[in-house]
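> okay, predicted coordinates and the sequence, questions at the end:
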Amino acid sequence: MIAAHTGFQHPAGQWNFQQVTVKGSTIKVELNGFTILDGDLAKVDPATYMAGSAHPGATRTSGFFGFAGHSDPVAFRNVRIKRL
């Protein structure tokens with residue numbers, strides 16, 4: 001629902017470091033020391049994503065944390081999920 005800035009990944013074959021902080025409806029994503037997303041999902045205008053269609057999870061207050069490679073192979077190490 002909020003696009004992240006691009007261009008901060010390390011070259012292929014090198015590990016990236018990413019930290020995601022979710023507090024209520026606010027999400028902050030840091031990649032390799034750069035903030036690539038910092039936004040509040042509660043303030044997103046539904047008309048600006050999914051071509052104005054209803055988003056099935058837009059109002060969820062609980063759920064799961066997932067990893068997506070979007071058809072590219074990915075690997076993970078040292079994954080930790082901490083409660084704030």
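That came in fine, so what should we check first?

> please count neighbours and contacts with C-alpha atoms only from this point.
Will do.

> for this protein, which segments count as strands?
For the chain, the strands defined by DSSP state E occupy 18-23, 26-31, 34-40.

> ok, how many other residues are close to Arg80?
Arg80 has 6 neighbouring residues, counting by other CA atoms under 10 Å.

> ok, it to Gln19 distance?
According to CA to CA, to the nearest Å, Arg80 and Gln19 sit 10 Å apart.

> residues near Pro7, how many?
You called it Pro, but residue 7 is Gly. 8.

> returning to what we had before: wait, which of the strands of the chain is closest to His5?
Shortest distance between His5 and these, using CA to CA, is found for strand 34-40: 4.8 Å.

> with adjacent residues omitted, what lies nearest to the residue most central in space within the chain?
Residue closest to the mean C-alpha point of the chain, counted by CA atoms, centre = their mean, is Val29 at 6.1 Å. What sits nearest to Val29 in space, not counting adjacent residues and going by CA to CA, 6 or more residues apart in numbering, is Val20, at 4.5 Å.

> residue furthest from the geometric center of the chain?
Here the chain reaches farthest from its C-alpha mean at Gly13, the gap being 21.6 Å by CA atoms, centre = their mean.

> how near is it to Ala75?
11 Å.

> equivalent analysis for Ala4, please.
20 Å.

> who's more crowded, those two?
The neighbour comparison of Ala4 against Ala75 (other CA under 10 Å) goes to Ala4, with 14 against 6.

> wait, the more buried one touches Leu37, no?
Yes. Here Ala4 lies in contact with Leu37, judged by CA atoms under 8 Å, at a distance of 4.9 Å.

> pLDDT score for the residue lying closest to His5 once chain neighbours are set aside?
Using CA to CA, 6+ apart and skipping residues adjacent in sequence, the residue nearest His5 is Ile36, 4.8 Å away. What the model reports for Ile36 is a pLDDT of 98.

> contacts only, for Ile36.
Shown in contact with Ile36 (CA atoms under 8 Å, 6 or more residues apart in numbering): Ala4, His5, Thr6, Phe8, Lys28, Val29, Glu30.
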